[in-house]
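Asks: here is my input; please provide its structure:
(one chain, ligands or ions: 1)
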Amino acid sequence: MKVKPTALEGVMVLDNFVSQDKRGTFVKTFHAQSFQANALASEFKESYYSESYKNVIRGMHFQLPPHEHDKLVYVTQGDILDVIVDLRQTSGTYLQHVAIPLSANQQSVYIPRGCAHGFLTLSDTATVVYNVTSVYEPSADAGIKWDSIGFDWPVTEPIISDRDNAFVSMRDFPSAF
Ligand SMILES: Cc1cn([C@H]2C[C@H](O)[C@@H](COP(=O)(O)OP(=O)(O)O[C@H]3O[C@H](C)C(=O)[C@H](O)[C@H]3O)O2)c(=O)[nH]c1=O
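Replies: Here you go, the predicted model:
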């Protein structure tokens, strides 16, 4: 499993092991030694997935301390544009963002605690799997508004939940990280 840095401190792209034959595709998305060798958290407490239609934006989400979590995200069907914002005040890339195309059965993105996560669905449908290192806590489930992060989303009429559209803008978010 190759672990590659991105423009944001601690945010990594992982090249998953993929094997294809006449039966189909086999993908390994977690390898403990690779995580340990790259100091990536791997004590995942929950795993869930979402299925989204084209032009859906989900995000920008995070859990507030003390329930913050690291996140391993990958796609098992379709294509997305994964977007991450650094909300860690001590980070050298604080308030910066990165956009990473993710397609099924190829790469994963590792998102450290203190970052906001979201994505845009590029294909007709997309299935996104999230593995997180803390248990979901509704009172700590927070976010910043998707169109306040300085990123020009490549979509004209995004499909967004009322909850996601009601998040505070990044400039009005006193970072808790
Ligand atoms: C995570 C979670 C959610 N929920 C409830 C809360 C909502 O009523 C419903 C859907 O959750 P949400 O609207 O947060 O789902 P998404 O907008 O797809 O958020 C997900 O996608 C973005 C991009 C992320 O990065 C989040 O970590 C991830 O939760 O399930 C639960 O009951 N338990 C849980 O563990």
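Asks: let me see the ranges of the helices in the chain.
Replies: Ranges of helices within the chain are 32-37, 162-165, based on DSSP state H.
Asks: surely Met1 touches His31?
Replies: Yes - Met1 is within contact range of His31, at 4.6 Å (criterion: CB atoms under 8 Å). C-beta here means a position set from N, CA and C on the backbone, and glycine is covered the same way.
Asks: so what sits against both of the two?
Replies: Phe17 (CB atoms under 8 Å, 6 or more residues apart in numbering).
Asks: who in this structure is up against the ligand?
Replies: Residues of the chain lying close to the ligand by CB under 6 Å from any ligand atom are Glu46, Tyr48, Ser50, Arg58, Gly59, His61, His117, Gly118, Phe119, Tyr130, Tyr136, Ser161.
Asks: which of these are buried?
Replies: Taking 16 or more other CB atoms under 10 Å as the criterion, what is buried in the residues of the chain next to the ligand is Arg58, Gly59, His61, His117, Gly118, Phe119, Tyr130.
Asks: need the contact list for the third one.
Replies: Under the criterion of CB under 8 Å, 6+ apart, the contact partners of His61 comprise Ala116, His117, Gly118, Asp141, Ala142, Gly143.
Asks: for those residues, which two are the farthest from each other?
Replies: Gly118 and Asp141 (13.7 Å; CB to CB).
Asks: how about the chain: which residue is closest to the ligand?
Replies: Nearest residue of the chain to the ligand (CB to the nearest ligand atom) works out as Tyr136 at 3.0 Å.
Asks: pLDDT wise, what is the closest residue to that residue other than its chain neighbours at?
Replies: Using CB to CB, 6 or more residues apart in numbering and skipping the chain neighbours, the partner closest in space to Tyr136 is Glu46 (6.1 Å). Per-residue pLDDT puts Glu46 at 98.
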